[in-house]
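Novice: Sequence and predicted structure below; questions after.
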Amino acid sequence: MKTTSKLLRFYLLGDLIVIVFSLVQGGHWLLNTQLAFVCSLLITLASFRSYHTFVKRRVDAGLIPDDKFDKYYEDDKEENDEEESAPPKVAKVGFKQSFQNLALSYKSALSLYRILSYGVLFLAVLFLIRHETLDAVAFFIGLSVVPLSSFLSVVFVKKGLNETNE
């Protein structure tokens, strides 16, 4: 199963907890938390998509960096001890390479999906202010569901996520 769908389960579970708590607090809390949750989820999914596109472009361009931890694998005992004790070679990044890295990465940072998601967040805040229903605490709780769920999913499912990387 994809990591995104696993995370979506945690997001929805966290949202259900917030919904139950919001129902106890009242209708304005429910509106604030759900608008904030949807905006936060949109921003996160847009960030996932833009990062995926960024990595795919780098792979297509052949700009895959060497594995920094490759020398630590036990399978590769063929290397000499002299090479292991030698200080790592640090190549200077020239202007051309630096500009190329910037050209590839700005597209993911300024992705249309991310900008639109932040625009939806801005409009949601304006909507709540205009209708005088903005409750800052409830809104921030709704915004925090996605980051906290992401953190908790890593803590509780650490073994399951590591198995997919092998």
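Specialist: Right, received. Where do you want to start? Because the structure is a prediction, the values reported are computed rather than measured.
Novice: For the rest of this, base every contact and every neighbour count on C-alpha atoms.
Specialist: Will do.
Novice: which SSE is V120 in?
Specialist: Assigned by DSSP states H and E, V120 falls within helix 112-130.
Novice: what does that helix contact?
Specialist: Helix 112-130 is contacted by residues N32, L35, A36, C39, S40, L42, I43, A46, S47, S50, L134 when judged by C-alpha atoms under 8 Å, 6 or more residues apart in numbering.
Novice: Apply 6 Å and report the result again.
Specialist: The contact list for helix 112-130, computed with C-alpha atoms under 6 Å, 6 or more residues apart in numbering, reads C39, L42, I43, A46, L134.
Novice: How are the helices of the protein distributed by residue range?
Specialist: 3-25, 27-60, 81-85, 95-109, 112-130, 136-156, 158-164 (DSSP state H).
Novice: among the ones you listed, which gets the worst mean confidence?
Specialist: Note on these: helix 81-85 shows the lowest mean pLDDT, a mean of 51.
Novice: circling back: would you turn the contacts of helix 112-130 into CSV with neighbour count and distance to G62?
Specialist: Listed next are these as CSV, based on neighbours: other C-alpha atoms under 10 Å; distance: C-alpha to C-alpha, whole Å:
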residue, neighbour count, distance to G62
C39, 23, 35
L42, 19, 30
I43, 22, 29
A46, 21, 24
L134, 19, 48
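Novice: A138: neighbour count?
Specialist: 21 (other C-alpha atoms under 10 Å).
Novice: how far away is C39 from V157?
Specialist: Noted for C39: a distance of 25 Å to V157, by C-alpha to C-alpha, to the nearest Å.
Novice: Then R9?
Specialist: Distance of R9 to V157, given as C-alpha to C-alpha: 12 Å.
Novice: follow-up on the earlier one: in the helix holding V120, what counts as buried?
Specialist: Y113, R114, S117, Y118, V120, L121, A124, V125, L128 (16 or more other C-alpha atoms under 10 Å).
Novice: May I have it as CSV, with CA atoms only?
Specialist: What follows is helix 112-130 as a C-alpha-only set of coordinates in CSV (Å, rounded to 0.1, in the frame of the first residue of the first chain):
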residue,chain,number,x,y,z
LEU,A,112,0.6,25.7,-8.9
TYR,A,113,-1.1,23.2,-6.6
ARG,A,114,0.7,24.5,-3.5
ILE,A,115,-0.1,28.1,-4.4
LEU,A,116,-3.8,27.3,-5.0
SER,A,117,-3.9,25.3,-1.7
TYR,A,118,-2.5,28.3,0.3
GLY,A,119,-5.0,30.5,-1.6
VAL,A,120,-7.8,28.2,-0.4
LEU,A,121,-6.5,28.6,3.2
PHE,A,122,-6.5,32.4,2.8
LEU,A,123,-10.0,32.4,1.5
ALA,A,124,-11.2,30.1,4.3
VAL,A,125,-9.8,32.5,6.9
LEU,A,126,-11.4,35.5,5.1
PHE,A,127,-14.7,33.6,4.9
LEU,A,128,-14.7,32.9,8.7
ILE,A,129,-13.7,36.5,9.5
ARG,A,130,-16.4,37.9,7.2
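Novice: Fine by me, we can end here.
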